[in-house]
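# Fold the following for me, if possible:
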Amino acid sequence: MKYFRENRLLFLFAAIKLFLYIVLQRDDYELHRDEYLYLEMGKHLSWGYFEVPPLIALQGWLIELAGGSKWIVRLFPYVMGAATVFFTGKIAKELGGKIFAQSLACTSIIVLPFTRVNFLFQPNTPEILIFTLIFYCFIRFIHTKNENWFIIIGVLIGLAILNKLTALVFVIAFGAGVFMTSYRIYLMRKKFWIGMLLMLILIFPFVIWQWQHHLPFIDHIKLLNKTQLVHISTFSLVKDQLIMMIATITIWSLGLISLFVSKSYAPYRIIGIITLLGILIITWQHGKYYYILGYFPVLLAFGSVWIENQPLPSGLHWSRYIHFILPIAITLWILPIALPVYSTTKTLQATNRFRFLDIAKGEQNQEYPMPQDYIDMQGWQEMADKVYQVYNALSEEEKSNLSIICGNYGQASAINYYLRNKNLPDAFCINHTFVFWIKPEQLMAKNILLVDDDPDDLATHFASYQLKEAITNPLSREFGTKIILAKGADQFIHHLISKQYLELREKYFD
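Residues are numbered from 1 along each chain as shown. Alright, predicted model coming up:
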């Protein structure tokens with residue numbers, strides 16, 4: 001109770017963020033393509049996956065235990081976003097910030113871009129929270145000199161790596177910051193190495209899994225570079241980063257600068273080094289613009305305190321409240337394209353107004369009617385319903401010897417999510433993480449329900465091959481995806497499917 005009283009302002013802001021998310025959620029949008037995959041991973045708990053480390057799958061498993069509804073799925077990032085608000089305010093308070101600084105720091109996390117990233121069940125939200133906790137713990141160590149904080153930091157770094165491998169950039173930046181400052185003396189302290197040992201113990205099963213499966217994360221990075229990151233120039237990346245952080249630019253930029261030039265911030269200079277190095281490495285490697293977000297809450301906290309501490313001429317004290325007004329105004333201005341909180345009609349209109357910002361460009365530079373995240377939240381329920389209709393029209397004999405094969409992980413994961421209580425065979429695709437889950441008997445089915453946006457012409461290898469349905473939502477990235485019922489597969493089909501599967505299986509399992 002005492003802790004609550006002492007931090008009631010921070011709890012209030014955290015509650016505001018949580019409340020806004022719950023109120024703003026709309027039924028016009030379904031779950032995101034990636035969210036379905038992470039929920040599917042929760043049904044296949046493991047120490048590793050093709051795309052991500054295991055922490056997101058554990059959350060998916062917990063969500064399924066809680067019922068798996070859309071509201072429960074979104075509650076996880078909402079709560080983590082609220083926690084990020086709280087601990088950003090805690091950092092400001094730890095730095096000596098009073099009501100103004102704490103309120104400004106918290107407000108900076110409620111507005112863009114954190115409002116958007118905290119809306120989705122993805123590894124980005126836990127990463128931002130964990131990085132913020134690490135910075136908070138390090139500042140507590142600076143103030144108390146209690147080396148037990150290194151133990152907590154080690155555990156948090158381990159969790160960050162188990163959440164997302166971009167945390168390795170943070171590890172590099174953190175290590176460089178320690179070596180470049182007077183804090184390198186703690187490299188000889190026992191508690192520091194206990195923390196590092198706990199980190200290694202936490203990630204050891206994941207490392208072993210990667211080694212046993214021939215480091216699939218390298219293939220995933222190569223695939224990202226080939227299909228997505230290759231389209232990101234340094235100029236466009238920096239532009240997107242600035243647009244993303246424009247709402248709070250006066251706060252975080254002052255935080256970063258003051259960490260290097262302010263004498264009162266000299267003990268915290270290591271934090272400036274870590275954040276700057278992390279951002280520069282990600283930019284140099286052409287990472288996606290939101291990869292840098294975890295480095296900003298601490299900068300916003302420092303900037304908020306620095307603004308509060310600056311003396312202002314008499315009569316101009318009101319001017320510091322511009323730092324509140326500007327982020328809120330910018331967020332409200334671009335809210336229709338920043339969050340899926342308006343009808344699709346209003347979002348389409350807003351997208352056209354802001355198209356000059358390239359907000360509707362996809363990860364492969366293609367133009368969409370709305371931001372890609374939004375079109376990736378359309379058409380999945382329609383797809384699952386139509387698959388179920390086609391399946392339900394089959395005889396019991398046909399159902400007993402049928403597989404549902406999809407062209408990508410979004411299709412397979414969404415179908416499994418919506419039809420999880422319908423007693424259908426699990427849908428799968430022969431790529432990515434699904435290759436670790438496929439059962440050999442699924443490859444030998446005589447009947448195939450094919451869901452694909454660009455199916456191969458294999459009609460001659462089935463006794464019957466019929467286009468049954470197609471996705472008709474023009475705002476979905478799956479628009480036009482075909483649902484084909486193919487009966488009586490011949491040996492060529494079984495050989496083709498088995499060959500694709502075995503090539504991947506041998507790559508990761510031999």
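
# secondary structure element for the nearest residue to Leu458 once chain neighbours are set aside?
Of all residues not flanking Leu458 in the chain, Ile493 sits nearest, at 6.6 Å (Cβ to Cβ, 6 or more residues apart in numbering). C-beta here means a position set from N, CA and C on the backbone, and glycine is covered the same way. Applying DSSP states H and E as the criterion places Ile493 in helix 491-509.

# Please point out which parts of that helix sit buried.
Neighbour counts over helix 491-509 (16 or more other Cβ atoms under 10 Å) mark Ile493, Leu496, Ile497, Tyr501, Leu504, Arg505 as buried.

# so the fifth one makes contact with Thr433?
No. Using Cβ atoms under 8 Å, Leu504 makes no contact with Thr433, being 10.6 Å away.

# Report the residue spans of the protein with pLDDT below the cut-off.
226-232, 364, 510 (pLDDT under 70).

# Could you pull up the residues touching the most far-flung residue of it relative to its centre?
Ranked by distance from the centre of the chain (Cα atoms, centre = their mean), the top residue is Ser314, with 45.5 Å. Applying Cβ atoms under 8 Å, 6 or more residues apart in numbering to Ser314 gives no contacts.

# Regarding it, what is its secondary structure?
Classification of Ser314 using DSSP: H, G, I helix; E, B strand; the rest coil returns coil.

# who does the longest helix seen in the chain touch, helix- and strand-wise?
Counting by DSSP state H, the longest helix found in the chain is helix 70-94. Identification of packing neighbours for helix 70-94 by 3 or more Cβ pairs under 8 Å, 6 or more residues apart in numbering; DSSP states H and E yields helix 8-24, helix 55-65, helix 99-110, helix 114-117, helix 124-144, helix 296-309.

# Which one of those lies nearest to Ile152?
Taking Cβ to Cβ, helix 124-144 is the member of the helices and strands packed on helix 70-94 nearest to Ile152, at 5.2 Å.

# Give me the buried positions along the closest one.
Result for helix 124-144 [16+ other Cβ under 10 Å]: buried residues 124-141.

# you'd agree His286 is in a helix?
No. Assignment of His286 by three-state DSSP gives coil, placing it outside any helix.

# circling back to that earlier point, the longest helix of the chain vs helix 99-110, what angle?
150 degrees (axes from the mean of the first three to the mean of the last three Cα atoms, to 10 degrees).

# distance of the residue lying closest to Ile328 once chain neighbours are set aside from Phe179?
Among residues not flanking Ile328 along the chain, Val111 sits closest, at 6.0 Å (Cβ to Cβ, 6+ apart). Distance of Val111 to Phe179, given as Cβ to Cβ, to the nearest Å: 35 Å.

# Those two: who's more crowded?
Val111 (22 against 12; other Cβ atoms under 10 Å).

# how close does that one get to Ala338?
On the measure of Cβ to Cβ, Val111 and Ala338 end up 9 Å apart.

# residues shared between the contacts of the two?
With Cβ under 8 Å, 6+ apart as the test, Val111 and Ala338 both reach Thr331.

# one step back: export the helices and strands packed on helix 70-94 to CSV and tack on distance to Glu367?
Output for the helices and strands packed on helix 70-94, formatted as CSV (distance: least, Cβ to Cβ, whole Å):
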stretch, distance to Glu367
helix 8-24, 27
helix 55-65, 30
helix 99-110, 31
helix 114-117, 20
helix 124-144, 24
helix 296-309, 29
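
# contact partners of stretch 491-507?
His214, Ile405, Ile430, Asn431, Val435, Ile438, Leu443, Met444, Ile448, Leu458, His461, Phe462.

# count of residues packed around Trp284?
Neighbours around Trp284, by other Cβ under 10 Å: 10.

# Let me fix that, I meant to ask about Ala57.
Using other Cβ under 10 Å, Ala57 has 24 neighbouring residues.

# Just the strands from the stretch 401-510 of the chain, written as ranges.
402-406, 427-429, 447-452, 462-470, 482-489 (DSSP state E, counting those that start in this stretch).

# so can I have CSV of those strands showing distance to Lys361 and mean neighbour count?
What follows is the strands of the stretch 401-510 of the chain, written out as CSV (distance: least, Cβ to Cβ, whole Å; neighbours: other Cβ atoms under 10 Å):
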stretch, distance to Lys361, mean neighbour count
strand 402-406, 26, 24
strand 427-429, 26, 24
strand 447-452, 25, 23
strand 462-470, 26, 15
strand 482-489, 26, 20
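
# Of these, which is nearest Tyr49?
strand 427-429 (14.1 Å).

# Tell me the gap between the closest one and the middle of its chain.
Counting by Cα atoms, centre = their mean, to the nearest Å, strand 427-429 is centred 23 Å from the centre of its parent chain.
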